[in-house]
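**Q** Following is a predicted model, sequence given first.
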Amino acid sequence: MFAPNIYAQRRQQLIENIDSGLILLLGNELSPMNCEDNTYAFRQDSSFLYYAGIDLHHLAIIIDVDQGDTTLFGVDLTVEGVVWTGPQPTMREYADRSGIELSADYGQLSKVLQKANAQGRKVHFLPPYRPENKILLHQLLNIPINNLQESVSVELIKAIVAQRSVKSNEEIIEMEKAVNITADMHVAAMRAARLGIKEAELAGMVEGMAISSGGQLAYPVILTVNGQTLHNHYHGNTLTSGKMVLGDFGASSSMHYAGDITRTFPVDKKFTQQQREIYNIVLAAENEVIDALKPGVSYYEMHEKSATIITEGLKELGLMRGNTQEAVRAGAHALFFPHGLGHMIGLDVHDMEDIGEDYVGYDKTIQRNPLFGFKSLRLGRKLEPGFVITVEPGIYFIPELITMWESENKHANFINYPALGQYLDFGGIRIEDNVMITQDSHRVLGTPIPKTITEVENIRAGS
């Protein structure tokens, strides 16, 4: 945990941005895997972590905006509980660690909310994403489960997004820990890959590294020779000559701050000429976007910039044609680059996505573009100092999508379909780094992770 005053200051800032009422933040519960006592690994709610820092199930806090105080609700362990878990701090001790003024038994939570309801006081809560908390909110607030989304506090969502979007120095330290662990995981995968092994051997190795570092995975490992499938979590393929390995995985620090890095490397010791040509286009898109990042820059424009660089590169290879700007505006590039350039990252790998992606990534000045490719851009707004974002352009050759578009003669004035035949088994390439926006520029987080062709090939050669 951070120092108690950090959590107290965060809550005070939140109070100043909410008009009145109570703010209810629920922690997460244990979730059974196949029986009550055999649970999935616990992951605390990120907003609860941000404002309280306590990484324990069955907790809630109420922040009284009008009184200016906070109450922690939980249950102290009995001796029988200690037998199974060992001795644990009391709720009062946990409250002190978070700078929380008051503590109460969890059973009092319902009574406090009932009293607020009787007084006509507003209870602000965030969109629930766990079924356990949906049921609990229904019970506590007497709101039908299917109507919870309509009753969430947009005022609270906007206040939290504004606050959590700007990372403090303490948070950046945690994020760099995560990125540096992630760097070790990627380099280890590059070194260990060899002909004939299963993807699972590499996936298991990097997951073990995340856990042995004292943290966890920030998200399920993507490690595949079929990189054309964007979120490919299958690890049963064998590494064979001529293929590439796309690894998109990251560690979270012990305090749950995430790293999110992607590297692509050949199964062989060197890239083929075809792989080299596509790789350098993706690398140019990533490097040029990173170089352009600074406060005030629209990330939507950065997405367009990456799409433009990719289109130009594919035109040089004879795979696209026509006017580049027109092709990008029409979305023709999305055949090869169907996802967004990046997203916010912090306590969540897609930061605050649980409370509303459009609130996080867009605002009144810029709205989401519904066009294929553009609609998957999670972040479009202007960048501000303290934002931490991912930059992850890619080029993919997806046979099913190519076949469909060609059958529809879609964007035929921009796409040279006959030339794509020799790329149908190519796979995909993505390169990704995590970047903090500074007061007047940017900084790539963590120690540099090999990504030039020379650097990658040197690692693959054992250098």
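**A** Now that the structure is in, tell me what you want to look at. Note that the structure is a prediction, hence the values are computed from the model and not measured.
**Q** got the residue ranges for the strands in the stretch 151-300 of the chain?
**A** Secondary structure of the stretch 151-300 of the chain, counting by DSSP state E, counting those that start in this stretch: strands at 216-217, 222-224, 244-249, 251-252, 261-266.
**Q** Pull the number of nearby residues for Ala183.
**A** Ala183 has 21 neighbours, counted by other Cβ atoms under 10 Å. (Glycine included, C-beta is placed from N, CA and C.)
**Q** wait, what's in contact with it?
**A** For Ala183, the contacting residues are 261, 446-447, 449, by Cβ atoms under 8 Å, 6 or more residues apart in numbering.
**Q** again, only using 10 Å
**A** For Ala183, the contact set (Cβ atoms under 10 Å, 6 or more residues apart in numbering) comprises 250-251, 259, 261, 263, 445-450.
**Q** could the strands of the stretch 151-300 of the chain be laid out in a markdown table, adding mean pLDDT?
**A** Below are these laid out as a markdown table (pLDDT from 0 to 100):
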| stretch | mean pLDDT |
| --- | --- |
| strand 216-217 | 96 |
| strand 222-224 | 98 |
| strand 244-249 | 98 |
| strand 251-252 | 98 |
| strand 261-266 | 98 |
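**Q** Need these in CSV (columns: distance to Glu357 and mean neighbour count).
**A** Listed next are those as CSV, based on distance: least, Cβ to Cβ, whole Å; neighbours: other Cβ atoms under 10 Å:
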stretch, distance to Glu357, mean neighbour count
strand 216-217, 21, 19
strand 222-224, 20, 25
strand 244-249, 19, 24
strand 251-252, 20, 29
strand 261-266, 20, 25
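**Q** With distance to Lys305 as new columns, can these be given to me in TSV?
**A** Formatted as TSV, those follow (distance: least, Cβ to Cβ, whole Å):
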stretch	distance to Lys305
strand 216-217	31
strand 222-224	25
strand 244-249	22
strand 251-252	29
strand 261-266	19
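**Q** where does the chain dip in pLDDT?
**A** By pLDDT under 70, the weakly predicted segments of the chain are 463.
**Q** The top helix by length along it to strand 261-266, inter-axis angle?
**A** What stands out as the longest helix in the chain, according to DSSP state H, is helix 169-192. Taking axes from the mean of the first three to the mean of the last three Cα atoms, to 10 degrees, one finds helix 169-192 and strand 261-266 inclined to each other by 10 degrees.
**Q** buried stuff in helix 169-192?
**A** Under the neighbour-count criterion of 16 or more other Cβ atoms under 10 Å, helix 169-192 has 171-172, 174-186, 188-190 buried.
**Q** how much does that helix deviate in direction from strand 244-249?
**A** Using the same axes, to 10 degrees: helix 169-192 against strand 244-249 is 150 degrees.
**Q** Please tell me how far helix 169-192 is from the chain's geometric centre.
**A** 15 Å (Cα atoms, centre = their mean, to the nearest Å).
**Q** And stretch 298-315, by the same measure?
**A** With Cα atoms, centre = their mean, you get 22 Å for stretch 298-315.
**Q** Tell me which residues touch Val282, please.
**A** Taking Cβ under 10 Å, 6+ apart, we find Val282 in contact with 264, 306, 309-310, 313, 336-337, 392-396, 428-432, 451.
**Q** Near Ile449, how many other residues are there?
**A** For Ile449, the neighbour count with other Cβ under 10 Å is 22.
**Q** Can you tell me how far the nearest residue to it once chain neighbours are set aside is from Tyr417?
**A** Excluding its sequence neighbours, the residue lying closest to Ile449 (Cβ to Cβ, 6 or more residues apart in numbering) is Ala183, at 4.5 Å. The gap separating Ala183 from Tyr417 is 39 Å, by Cβ to Cβ, to the nearest Å.
**Q** repeat for Tyr51
**A** Shown here: Tyr51 relative to Tyr417, a distance of 53 Å by Cβ to Cβ.
**Q** Of the two, which one has the most company?
**A** Between Tyr51 and Tyr417, counted using other Cβ under 10 Å, Tyr51 has the larger neighbour count: 25 against 17.
**Q** Give me the next element, helix or strand, following the one helix or strand Gly313 maps to.
**A** In the assignment (DSSP states H and E), Gly313 maps to helix 299-316. Next in sequence after helix 299-316, counting helices and strands by DSSP H and E, comes helix 324-330.
**Q** Point out the other helices and strands that that next one packs with.
**A** Counting contacts by 3 or more Cβ pairs under 10 Å, 6 or more residues apart in numbering; DSSP states H and E, helix 324-330 is packed against helix 299-316.
**Q** Would you mind putting the CA coordinates of the helix it packs on into PDB?
**A** Output of helix 299-316 as PDB, limited to C-alpha atoms (Å, rounded to 0.1, in the frame of the first residue of the first chain):
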ATOM      1  CA  TYR A 299      -4.900  10.300 -30.000                       C
ATOM      2  CA  TYR A 300      -7.500  10.000 -32.700                       C
ATOM      3  CA  GLU A 301      -5.100  11.900 -34.900                       C
ATOM      4  CA  MET A 302      -2.300   9.600 -33.800                       C
ATOM      5  CA  HIS A 303      -4.400   6.600 -34.900                       C
ATOM      6  CA  GLU A 304      -4.900   8.200 -38.300                       C
ATOM      7  CA  LYS A 305      -1.100   8.900 -38.400                       C
ATOM      8  CA  SER A 306      -0.300   5.200 -37.800                       C
ATOM      9  CA  ALA A 307      -2.900   4.200 -40.400                       C
ATOM     10  CA  THR A 308      -1.400   6.600 -42.900                       C
ATOM     11  CA  ILE A 309       2.200   5.200 -42.300                       C
ATOM     12  CA  ILE A 310       0.900   1.600 -42.600                       C
ATOM     13  CA  THR A 311      -1.000   2.500 -45.900                       C
ATOM     14  CA  GLU A 312       2.000   4.100 -47.400                       C
ATOM     15  CA  GLY A 313       4.200   1.100 -46.500                       C
ATOM     16  CA  LEU A 314       1.800  -1.300 -48.000                       C
ATOM     17  CA  LYS A 315       1.500   0.800 -51.100                       C
ATOM     18  CA  GLU A 316       5.300   0.500 -51.500                       C
END
